[in-house]
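Chemist: what shape does this take:
(one chain, ligands or ions: 2)
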Amino acid sequence: MKLEIVILAAGKGTRMRSDLPKVLHPVGGRPMLSWVIETAQSLKPAAVHVVTGHRAELVEKLVADLPEKLKAGVSCVRQARQQGTADAVAAALPEVSDNADVLVLYGDTPLVRSELLKTFIKETADAPLGVLSAHTDTPKGYGRIIRDARGGFDCIIEEKDASDAQRLVKEINTGIIRARAAVLKEWLPKIGNHNAQGEYYLTDLAGLLRRSGLQVAICKAPEFETLAGVNSKFQLARAERCCQRTQSRRLMDEYGVTLADPERLEVRGSLECGRDCFIDINCVFEGQVKLGDRVTICAGCVIKDCTIGDDSVISPYTVMEGSELHKENTIGPFARLRAGNVLEDRVHIGDFVEVKKSRIGAGTKAGHLSYLGDAKFGKDINVGAGTITCNYDGANKHRTVVGDDVFIGSDTQLVAPVEVPAHVTIGAGTTYTHRIEAKEGDLVITRPREAVVPGFARPQKQAK
Ligand code: UD1
Ligand code: CA
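Modeler: Ligands and ions are numbered 1, 2, ... in the order given. The predicted model follows:
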């Protein structure tokens with residue numbers, strides 16, 4: 001039987017107290033819904049139907065903007081009014097083929113594992129309806145799985161409709177079900193809304209089938225954490241921790257990364273590592289980051305969309321984005337690489353140095369307190385402390401080009417557009433403009449001549 005997946009994402013998420021639709025809140029740096037779609041796709045379904053409603057355009061835009069490989073076979077269907085989970089599934093049914101097996105996932109349950117879903121589908125395949133349950137010591141807010149005296153399934157009761165005794169039950173409904181399309185088409189219209197919330201509950205389907213003598217298969221998950229629904233900011237924070245723990249675990253298991261503390265690492269995107277990397281505490285990785293072999297990232301670094309070559313060391317509190325670093329770079333502490341840099345082998349960028357849209361040649365060093373922007377620096381250049389590329393004239397940005405083996409003395413201003421030939425030596429305090437016509441090997445200094453006034457008498461305050 002072919003598999004079709006329905007993802008419920010129409011709810012407002014009142015308990016989030018936010019203008020953003022609930023399923024668009026991020027976990028691990030991306031919207032909850034995109035995790036669910038990715039997991040859905042891993043099951044290779046014939047189709048994925050995302051049910052939208054509250055601020056539907058925003059949710060539909062997320063789907064439209066997904067990468068091609070995640071988007072294939074995904075379409076959105078609107079639920080006119082948010083009248084409950086049964087109504088939401090019903091909204092998708094016209095799009096679902098009659099002979100499909102349907103898996104219902106929730107946009108607010110982002111961390112469900114693909115392997116668990118495969119087991120669930122397999123174990124409940126023979127029943128018209130399968131329900132995925134889990135055990136938790138904190139079942140508040142969840143629908144409870146009510147079993148009969150012999151331990152068989154009876155029905156699902158929502159928290160708000162449950163008796164005190166039923167509320168003690170710790171087996172909860174994860175919300176995830178698997179049902180034959182024909183079963184949904186026949187039975188969903190029979191669900192009423194006579195309950196505490198006046199909604200059409202998908203959970204009532206299980207009780208209805210049961211009372212009509214049809215089999216409902218319950219599959220109890222071995223875990224709860226990845227199945228926890230996110231209804232509030234508190235639960236969102238919980239989900240974030242769970243997600244981060246999973247990523248830390250993956251970094252250690254898959255790449256053998258040494259993490260100073262797996263609980264103090266944040267990956268908000270994807271992080272790939274070579275062998276023998278070390279990551280100290282409190283680092284944040286965003287977007288797509290790739291580390292080569294033996295890369296060390298010291299404490300407190302924030303790294304976004306960067307590639308860092310073998311044997312590089314990023315010292316504490318470095319902030320970098322959109323940069324490509326070749327081998328054996330040493331960056332920081334307290335360095336800032338803005339987008340658009342390429343640093344060749346053995347480049348050193350030290351403390352309080354900012355680099356933007358620049359190519360820095362192999363072996364070049366800028367140790368302290370500099371700004372290098374819109375520049376091309378050759379190889380083996382010494383950039384003295386306080387060197388500034390004056391790239392902006394108030395209206396336009398201009399380029400600075402510095403040849404190989406130039407020595408730049410401290411406190412030099414390179415007024416762009418400007419080009420410094422190779423092997424030039426620039427004396428400290430020089431203002432280097434395009435009017436300077438130096439040739440390879442020259443010394444350039446623009447300091448005023450020193451003057452010594454012997455026995456200089458300082459001005460004195462005049463008596464009033
Ligand atoms: C639901 C279940 C509960 C279960 C819990 C698991 C029902 C009635 N209750 O409760 O048994 O323990 O999930 O997390 O099913 N949605 C729509 N349209 C609607 C209403 C909701 O698309 O009209 C979507 C929401 O966007 C959300 C999902 O369905 O992604 C679940 O809705 P929510 O209101 O969060 O249900 P819970 O109260 O958590
Ligand atoms: Ca929920």
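Chemist: residue of the stretch 351-464 of the chain closest to ligand 1, please.
Modeler: Minimum separation of the stretch 351-464 of the chain from ligand 1 (Cβ to the nearest ligand atom) falls at residue 356, amounting to 41.8 Å. In this view, the C-beta of every residue, glycine as well, is placed from N, C-alpha and C.
Chemist: list the contacts for that residue?
Modeler: Applying Cβ atoms under 8 Å, 6 or more residues apart in numbering to residue 356 gives the contacts 337, 338, 339, 340, 341, 372, 373, 374.
Chemist: for the residues you listed, which one is nearest ligand 2?
Modeler: Nearest to ligand 2, judged by Cβ to the ion, of the contacts of residue 356 is residue 339 at 37.9 Å.
Chemist: helix/strand/coil for that closest one?
Modeler: Taking DSSP: H, G, I helix; E, B strand; the rest coil as the rule, one finds residue 339 in the coil state.
Chemist: can you pull the contacts of it?
Modeler: 305, 321, 322, 323, 356, 357.
Chemist: if we can go back for a sec, which residues does the residue of the stretch 351-464 of the chain closest to ligand 1 bridge with?
Modeler: Legend: beta-bridge partners of residue 356 under DSSP bridges are residue 373.
Chemist: before we move on, back to that, just the buried ones from the contacts of residue 339?
Modeler: The neighbour-count test (16 or more other Cβ atoms under 10 Å) applied to the contacts of residue 339 identifies 305, 321, 323, 356, 357 as buried.
Chemist: how about the first one: what's its closest non-neighbour residue?
Modeler: This means residue 305. Counting by Cβ to Cβ, 6 or more residues apart in numbering, residue 305 lies nearest to residue 287, which is 3.8 Å off, once chain neighbours are set aside.
Chemist: now whatever residue of the stretch 1-150 of the chain ends up closest to ligand 1: closest residue in space, sequence neighbours ignored.
Modeler: Using Cβ to the nearest ligand atom, the single residue of the stretch 1-150 of the chain nearest to ligand 1 is residue 143, 2.3 Å away. Nearest residue to residue 143 in three dimensions, chain neighbours excluded: residue 173, at 3.8 Å (Cβ to Cβ, 6+ apart).
Chemist: distance check, that neighbour against residue 202.
Modeler: Using Cβ to Cβ, to the nearest Å, residue 173 is found at 9 Å from residue 202.
Chemist: adding distance to residue 158, write the contacts of residue 356 out as JSON lines.
Modeler: Supplementary listing: the contacts of residue 356 in JSON lines, determined by distance: Cβ to Cβ, whole Å:
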{"residue": "337", "distance to residue 158": "52"}
{"residue": "338", "distance to residue 158": "51"}
{"residue": "339", "distance to residue 158": "49"}
{"residue": "340", "distance to residue 158": "53"}
{"residue": "341", "distance to residue 158": "55"}
{"residue": "372", "distance to residue 158": "61"}
{"residue": "373", "distance to residue 158": "59"}
{"residue": "374", "distance to residue 158": "61"}
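Chemist: most neighbours among these, please name it.
Modeler: Of all the contacts of residue 356, residue 337 has the most neighbours under the rule other Cβ atoms under 10 Å, reaching 30 neighbours.
Chemist: quick one: residues contacting it.
Modeler: If you count contacts by Cβ under 8 Å, 6+ apart, residue 337 has them with 306, 318, 319, 320, 321, 323, 331, 343, 349, 354, 355, 356.
Chemist: for the residues you listed, which one is nearest ligand 2?
Modeler: Ligand 2 has its nearest neighbour among those in residue 321, at 34.6 Å by Cβ to the ion.
Chemist: and the closest one, how far is that from ligand 1?
Modeler: Note on residue 321: its distance to ligand 1, by Cβ to the nearest ligand atom, to the nearest Å, is 33 Å.
Chemist: pretty sure that residue sits against residue 301.
Modeler: No - Residue 321 is beyond contact range of residue 301, at 11.3 Å (criterion: Cβ atoms under 8 Å).
Chemist: got the phi/psi numbers for residue 425?
Modeler: Phi and psi for residue 425, reported as degrees, to the nearest 10, are phi -110, psi 130.
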